[in-house]
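Q: Need a 3D model of the following:
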Amino acid sequence: MSRAPSRECCGFRYPDPLLVLMYWLGCDLGVGFWLGLWVFLPRTGEMIAWEVQLHFVLTCVGLVLFLLVGSGMIFLAYRYKYHMFESERRDRVLLGCSLTLLIRDIPCWILELSLSWYHGWLHPLQTIGFILTTTSFAITFILVWLYYAWRMSKLVDNRYGNRVRHDIYGALPNPGQDAPRYPRAGGISHLRHREG
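A: The predicted structure is shown next:
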């Protein structure tokens, strides 16, 4: 039985990646809230008003959803990791990431990019917020995209994989016949015509 690799190095214990992810997303949402409150809302006259208001509303909704649902999902996956199946942990983490990605990261990243492009950098907090939002968008997008690609490839394999395997290895056996599911241990050589 192999042991899990240690997270200790030089007397320092590395934090769990789920806690790092949860705190990262929380910091990103907190900075986004203060960015909207201190930088964007006071300058509504100089900037496009609906973009500023939409950014602030999406950040507030994303913050509330993250605090009520997303962080709870990620924390439960961290706290009860020995009492859950790996698939349950993965699904909970990715549900929390998906909520943050769809409700806040994608639209706010586009809005922050647009505001920075057309109005320039107005405050150092805007730079920090843009870097945090871009990194949060990249992390959650990669996690959710890899999960989606894995699920879709599994779905395609379950739907069409057996049919393709049987087409390669020969016709399907009769329903009442006991036939091996996969070819024998010689590859497909037993399907070739033997000359005698």
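Q: Tell me where the protein has strands.
A: 8-9, 12-13 (DSSP state E).
Q: Look at E88 and say how many residues are nearby.
A: 14 (other Cβ atoms under 10 Å). Bear in mind the C-beta positions are built from the backbone N, C-alpha and C, glycine included.
Q: now the nearest residue to it once chain neighbours are set aside: how far from V69?
A: Spatially, and ignoring its direct neighbours in sequence, E88 is nearest to A77 (7.7 Å; Cβ to Cβ, 6 or more residues apart in numbering). As defined by Cβ to Cβ, to the nearest Å, A77 lies at a distance of 13 Å from V69.
Q: Between those two, which is the more surrounded one?
A: More crowded of A77 and V69, by other Cβ under 10 Å: A77, with 23 against 15.
Q: That one: what's it in contact with?
A: L18, M84, E88, R89, R90, R92, V93 (Cβ atoms under 8 Å, 6 or more residues apart in numbering).
Q: again, only this time at 10 Å
A: By Cβ atoms under 10 Å, 6 or more residues apart in numbering, the contact set of A77 is 18, 21-22, 84, 86, 88-96.
Q: how close does it sit to R13?
A: In terms of Cβ to Cβ, A77 sits 20 Å off from R13.
Q: coming back round to it: what's the overlap in contacts for A77 and V69?
A: Common neighbours of A77 and V69 (Cβ under 10 Å, 6+ apart) are L95, G96.
Q: Now the two most distant members of the contacts of A77.
A: Spanning the widest gap among these are M22 and E86, at 18.4 Å by Cβ to Cβ.
Q: more crowded one of those two?
A: Each of M22 and E86 has its neighbours counted (other Cβ under 10 Å); M22 has more, 23 against 9.
Q: Spatially, what comes nearest to the more buried one if we skip its sequence neighbours?
A: I74 is the one closest to M22 (Cβ to Cβ, 6+ apart), at 4.5 Å.
Q: so the one you found makes contact with R90?
A: No: counting by Cβ atoms under 10 Å, I74 does not reach R90; the two are 11.3 Å apart.
Q: And the two? Which one has more around it.
A: Set I74 next to R90 and count neighbours by other Cβ under 10 Å: I74 wins out with 26 against 15.
Q: if I look at the more buried one, how far off is W50?
A: In this view, I74 and W50 are 32 Å apart by Cβ to Cβ.
Q: Since that was my last question, I'll sign off now.
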